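S.K.: Coordinates only, no sequence provided:
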Ligand code: NAP
Ligand code: GLV
């Protein structure tokens, strides 16, 4: 019987590594997300579950995996897993931190630039044949990025990598708000720690990099938008529910803020129609923060190494609930 269930397609390299380790596995190769009953139906006798971040692994799923030793998530965020329930059941949970930091920071900065300089809109304008020459006042007039103030919410791995791009590449002043002070980043980048309200009041660009937790859900909502500058641009490459989407749409429509670059959404893969309609102020991406071929390959490799270690009774390299041991 297979020891491992993988909820979606993975690279051949990851399958080869499992085979090389002599581990039998089953994969949902349909390309479709399994619903809960299908996921549960595949867990009988499995010691390892390798899910993606859009597979909800709650207490019911964990109970169905009566042989489960480890849930090895493919991604750094693990808000899709009920870690407390896993710990109570003695199940290890792992993630894939670090390998995707720079790639995700690249995309964050890309969205920031795209929203500020209205690049997707300009691309559509050229393709439609609407461009009839250079003029001083062009329709896609944006705002400068260089020399402005960048506010980072959640100064962890990705937040720091985005701050570095802003400070070193674009001569930006960096403000940050995070759960704990980061004196090393303050020293390296001259970043200044401020409370969230002050960050929102002073930043031209607000970039979100917290995990999704009970504390961060809805962290950026109506009152936060009313505190932001009229010319501010919000970038969310963290998790959709960190931002109240209805409030964001209202803030954009009323001109409370200027724009947004979004890689994540409240109800993925659905995107609020109100956001899709805002073609001049919003840039959208389908959760591709870590989606370079090199990085996705590393994510799969690390996920598989975590799974193999857990299956062999060793401590997996990226254990998020060490109290389980
Ligand atoms: P990380 O290193 O753990 O950074 C998260 C930061 O947020 C930490 O500094 C943490 O503080 C801070 N934080 C946590 N709760 C907070 C709160 N309530 N208020 C303020 N700050 C808080 O994680 P990472 O590797 O940078 O990843 C961050 C998140 O990005 C992931 O959890 C995931 O959801 C998202 N992500 C998205 C994509 C994508 O494709 N769009 C790709 C990768 C990651 P401490 O330092 O005190 O712990
Ligand atoms: C992607 O969103 C991740 O959390 O790795």
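M.R.: Yep, it's here. The structure presented is a predicted model; accordingly, all values stated were derived computationally and were not measured. Ligands and ions are numbered 1, 2, ... in the order given.
S.K.: only C-alpha atoms for contact and neighbour calcs from this point on.
M.R.: Noted.
S.K.: What is the burial count for residue 19?
M.R.: 12 (other CA atoms under 10 Å).
S.K.: could we number from 53 for the rest of this?
M.R.: All right, first residue 53 from here; so that's residue 71.
S.K.: Identify each buried residue in stretch 58-75, please.
M.R.: 58-60, 62, 66-67, 70 (16 or more other CA atoms under 10 Å).
S.K.: and what of stretch 166-178?
M.R.: Across stretch 166-178, burial judged by 16+ other CA under 10 Å covers 166-174.
S.K.: tell me the average confidence for that stretch?
M.R.: In this model, stretch 166-178 has a mean pLDDT of 98.
S.K.: what does stretch 79-86 give?
M.R.: Stretch 79-86 comes out at a mean pLDDT of 93.
S.K.: Mind listing residues that contact that stretch?
M.R.: 57-61, 106-107 (CA atoms under 8 Å, 6 or more residues apart in numbering).
S.K.: Where strands are concerned, which of the buried residues of stretch 58-75 count?
M.R.: residue 58 (DSSP state E).
S.K.: Out of the buried residues of stretch 58-75, flag the one nearest to residue 224.
M.R.: residue 62 (38.9 Å; CA to CA).
S.K.: Start from the N-terminal end of this protein and give the strands.
M.R.: Applying DSSP E to the chain gives strands spanning 56-58, 77-79, 100-102, 122-124, 144-146, 201-205, 225-229, 244-245, 257-260, 285-288, 311-314, 334-336.
S.K.: on that earlier part again, export the contacts of stretch 79-86 to a markdown table and tack on pLDDT and distance to ligand 2?
M.R.: Formatted as a markdown table, these follow (pLDDT from 0 to 100; distance: CA to the nearest ligand atom, whole Å):
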| residue | pLDDT | distance to ligand 2 |
| --- | --- | --- |
| 57 | 98 | 19 |
| 58 | 98 | 16 |
| 59 | 98 | 16 |
| 60 | 97 | 15 |
| 61 | 95 | 16 |
| 106 | 95 | 9 |
| 107 | 97 | 12 |
